[in-house]
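# structure, please.
(chains A and B)
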Amino acid sequence: MNELDFGPFLLSFKLAAITTFILFLIALPVSWWLSQTKCRCKPLVEAIVSLPIVLPPSVLGFYILYALSYNSPIGAFFDATFGIKLVFNFTGLVIASCFYSFPFMVQPLQSGFESLNKNMLEASYIAGKNKLQTLAFVALPNIKPALITALIITFAHTVGEFGVVLMVGGSIEGETKVASVAIYEFVEIMDYTHAHIYSAIMLTLSFLVLLGVYIFNLRYNKRIGVA
Amino acid sequence: MFYINIQKTLHGTLGNMELDVAFSIKEHEFVAISGSSGSGKTTLLRILAGLEEANGEIEVGGEIWLSNKTTLPAQKRGIGFVFQDYALFANMSVAENLLFAAKDKKLASHLLELTELKELAHRLPNSLSGGQKQRVSLCRAFMRRPKLLLMDEPLSALDPLMRTKLQQDILTLHKEFGTTSIMVSHDPSEIYRLANRIIELKHGKIIHDASPKELLLKTQGSQKFSLTGELLEILKTDVIYIAIVAIGQQIVEVVIDEEEALRFKVGERVQVSTKAFSPSLSKVYI
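Numbering: from 1, shown residues only, chains lettered A, B, ... in the order given. Model prediction:
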């Protein structure tokens, strides 16, 4: 048996960490807006946000590929202006992952914000605080379980993605070959030993992550007095 | 002076209703707003706070809070608001709740001292009782030395003993800070104790605007003793009938005759009254 190559795992985690960070910044205002708005267009925005959950990853991957390739206006623009290629490299993976995992960040945050006592937010406005201060000092600290859930599920979901990554990134060693793609290739070449080891690692990690989230939420709710 | 003239269409369970009120309040007044549920009391309070939009004008000491052109946001109105459900910041300790409203440690410790909360300054709101939470909320409302203090049924979730204690706190703070206070309340004794004016709303309109004495003391002038309550049960014992009536927190028995027993229905609002006698008062020890 060859020495185990942890490269694909590291790449998966790097991708997930960057994606989670970017998505947190994007999803925070979106979920806050969705939780507070009385706009009639809310269902429309919610439907768009949730699309990646129901779309086959190949459909999402195909559109991203189509939109970002060198032949498309967007891809051509980035290539010409910044010299950045958006597909079949790590940058492309990050962009694709951001689309793919977006609802997993928005939905927990939004339901967290919606469960907050509206009077508490209004008390903050009356205390002279603007919306940004209220979000940072009152809303976010009071939805810790939702926040932790959003961050960890987004991270885990990005580690676990396969279809979109394969379509947009292919399988370039050290660049786009993440753990899930590596497992797929081991199975394809019938190297079941490595497929087993990689799969077992993924299974264990995923389980531990979820267990951690649920334990944290239980403890937090006990402390705050909800459960 | 506060000049208030507000119109707003409310969409309630009973269809649309027009909230249309105009009144003015002198500085340092303590106004109680009463009325049945759905009469627009809370909405009026929220419009005054800047939490809800409306048409009309609000002017406070020359400052325009609401006009056709502008709406001053809640943040800039310099008000205090006490919610029925306390609305404390669950992630902050008692002291932090106060300091979040204004970074004035001296004032915070003075307020906590006054309301006997000093010992609890570092506790989280969730570990407090209802009465303690509402006192924290009251202190928080005073941290910005409000021109106008708004209270939305602040004591209705508390037991009678705690209510009396908090009424005293409210009155003390109202006087010490020289604020103008508006409180939504259903409790006649509370209104009588705290307010010097009562505005009663019905279907979004003011139907009474008087002193609590004029409006609440229904037996003024006559030698009459009168209480309103709910008829719970009519019992027949031998030849007489006994009506069981709930008056406030008390349940009393009243002897009635057969004709009355047939006339009244259980669940009706009834008045228990008697003339030309002098009720005696004695202290109650709980």
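
# please enumerate the helices of chain A.
A:7-36, A:42-54, A:57-68, A:73-81, A:90-115, A:118-126, A:131-134, A:144-159, A:163-169, A:179-188, A:192-224 (DSSP state H).

# closest to chain B out of those helices?
Nearest to chain B among the helices of chain A is helix A:118-126; the distance by Cβ to the nearest Cβ comes to 3.6 Å. All C-beta spots, glycine's among them, are computed from the backbone N, C-alpha and C.

# the closest one - contacts with which helices or strands?
With contacts taken as 3 or more Cβ pairs under 8 Å, 6 or more residues apart in numbering or on different chains; DSSP states H and E, helix A:118-126 sits against helix A:131-134, strand B:79-82.

# hmm, back to that, mind putting the helices of chain A into TSV with mean pLDDT and mean neighbour count?
Converted to TSV, the helices of chain A look like this (pLDDT from 0 to 100; neighbours: other Cβ atoms under 10 Å in any protein chain shown):
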stretch	mean pLDDT	mean neighbour count
helix A:7-36	94	18
helix A:42-54	94	13
helix A:57-68	90	18
helix A:73-81	85	13
helix A:90-115	94	22
helix A:118-126	95	21
helix A:131-134	93	16
helix A:144-159	91	21
helix A:163-169	89	24
helix A:179-188	91	18
helix A:192-224	87	14
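
# dump the residue contacts of residue B:102.
Listed by Cβ atoms under 8 Å, 6 or more residues apart in numbering or on different chains, the contact partners of residue B:102 are A:127-128, B:143-144.

# run the last query once more with 10 Å
Contact analysis of residue B:102 by Cβ atoms under 10 Å, 6 or more residues apart in numbering or on different chains lists A:127-128, B:108, B:140, B:142-145.

# residue A:112 too?
So residue A:112 contacts A:31, A:35, A:139-140, A:142-150 (Cβ under 10 Å, 6+ apart).

# now for these: which two are most distant?
A:35 and A:148 (17.5 Å; Cβ to Cβ).

# stretch A:128-140 and chain B, are they touching?
Yes - against chain B, stretch A:128-140 shows contacts by Cβ under 10 Å from any Cβ of the partner chain at A:128-131, A:133-134, A:137-140.

# separate out the buried members of those.
Neighbour-count burial (16 or more other Cβ atoms under 10 Å in any protein chain shown) is assigned, among these, to A:128-129, A:133-134, A:137-140.

# my guess is residue B:7 contacts residue B:204, does it?
Yes - between residue B:7 and residue B:204 there is a contact under Cβ atoms under 10 Å: 9.1 Å.

# which one's more surrounded, the two?
Comparing residue B:7 with residue B:204 by neighbour count (other Cβ atoms under 10 Å in any protein chain shown), the higher total belongs to residue B:204, at 24 against 15.

# so which residues on the stretch 101-250 of chain B come close to chain A?
Selection of the stretch 101-250 of chain B residues close to chain A by Cβ under 10 Å from any Cβ yields B:101-102, B:124-127, B:137, B:140-141, B:143-144, B:146, B:150, B:152.

# just send the residues you listed back as TSV, with pLDDT too.
Below are these laid out as TSV (pLDDT from 0 to 100):
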residue	pLDDT
B:101	94
B:102	92
B:124	93
B:125	93
B:126	90
B:127	91
B:137	95
B:140	96
B:141	95
B:143	95
B:144	92
B:146	93
B:150	96
B:152	94
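
# residue A:119 and residue B:119, how far apart?
Note on residue A:119: its distance to residue B:119, by Cβ to Cβ, to the nearest Å, is 26 Å.

# residues shared between the contacts of residue B:7 and residue B:204?
Common neighbours of residue B:7 and residue B:204, counting by Cβ under 10 Å, 6+ apart, are B:18-21.

# which of these tops the neighbour count?
Neighbour tally across these (other Cβ under 10 Å): the maximum, 22 neighbours, falls on residue B:19.

# now do the same contact list for that residue.
By Cβ under 10 Å, 6+ apart, the contact list for residue B:19 reads B:6-10, B:39-41, B:43-44, B:47, B:54-56, B:201, B:203-205.

# right, and residue B:12 touches residue B:38 too?
Yes - at 5.4 Å, residue B:12 counts as touching residue B:38 under the criterion of Cβ under 10 Å.

# neighbour-wise, which of the two wins?
Each of residue B:12 and residue B:38 has its neighbours counted (other Cβ under 10 Å); residue B:38 has more, 17 against 14.

# give me the element the more buried one is part of.
Using DSSP states H and E, residue B:38 is not contained in any helix or strand.

# for it, what are its contacts?
Counting by Cβ under 10 Å, 6+ apart, residue B:38 touches B:10, B:12-14, B:17, B:201-204.

# change it to 6 Å
residue B:12 (Cβ atoms under 6 Å, 6 or more residues apart in numbering or on different chains).

# show the pLDDT at it.
If you check residue B:38, the pLDDT there is 83.

# so what does it look like in phi/psi?
For residue B:38, the backbone dihedrals (degrees, to the nearest 10) come out as phi 90, psi 10.

# how close does it sit to residue B:202?
Noted for residue B:38: a distance of 10 Å to residue B:202, by Cβ to Cβ.

# once you drop chain neighbours, what's closest to residue 66?
No chain was given, so I picked chain A. Spatial nearest neighbour of residue A:66, excluding adjacent residues (Cβ to Cβ, 6 or more residues apart in numbering or on different chains): residue A:72 at 6.5 Å.

# oops, chain B please
What sits nearest to residue B:66 in space, not counting adjacent residues and going by Cβ to Cβ, 6+ apart, is residue B:58, at 4.1 Å.

# the host helix or strand of that neighbour packs against which elements?
Taking DSSP H and E as the criterion, residue B:58 maps to strand B:55-60. On a contact count with 3 or more Cβ pairs under 6 Å, 6 or more residues apart in numbering or on different chains; DSSP states H and E, strand B:55-60 meets strand B:2-12, strand B:63-66.

# any idea which helix is longest in chain B?
Longest helix in chain B by number of residues (criterion: DSSP H): helix B:160-177.

# beyond it, next helix or strand please.
Taking DSSP H and E, what comes next after helix B:160-177 is strand B:180-184.

# may I have the strands that pair with that following strand, each with its orientation?
Strand partners for strand B:180-184, identified by DSSP bridges, are recorded as strand B:30-34 (parallel), strand B:148-152 (parallel).

# show me what contacts residue B:196?
Counted by Cβ under 6 Å, 6+ apart, residue B:196 has contacts residue B:30.

# phi and psi next, for residue B:246.
Main-chain torsions, residue B:246, degrees, to the nearest 10: phi -90, psi 120.

# and it, how many neighbours?
When counting by other Cβ under 10 Å, one arrives at 14 neighbours for residue B:246.

# distance of the nearest residue to it once chain neighbours are set aside relative to residue B:262?
With Cβ to Cβ, 6+ apart as the criterion, residue B:246 has its nearest non-adjacent residue at 4.9 Å, and that residue is residue B:230. Distance, residue B:230 to residue B:262, using Cβ to Cβ: 19 Å.

# who's more crowded, the two?
Set side by side, residue B:230 and residue B:262 show more neighbours around residue B:230, with 14 against 11, by other Cβ under 10 Å.

# would you say that one is within a helix?
No - looking at residue B:230 with DSSP: H, G, I helix; E, B strand; the rest coil, it is strand, so not inside a helix.

# count of neighbours near residue B:175?
Around residue B:175 there are 11 other residues, counting by other Cβ under 10 Å.

# can you give me the end-to-end span of stretch A:156-173?
22 Å (Cα to Cα, to the nearest Å).

# show me what contacts residue A:96?
Residue A:96 is in contact with A:64, A:164, A:168, counting by Cβ under 6 Å, 6+ apart.

# residues from chain A in reach of chain B?
Residues of chain A lying near chain B by Cβ under 6 Å from any Cβ of the partner chain: A:119-120, A:122-123, A:125-128, A:138, A:141-142, A:224-225.

# perfect, that will be all.
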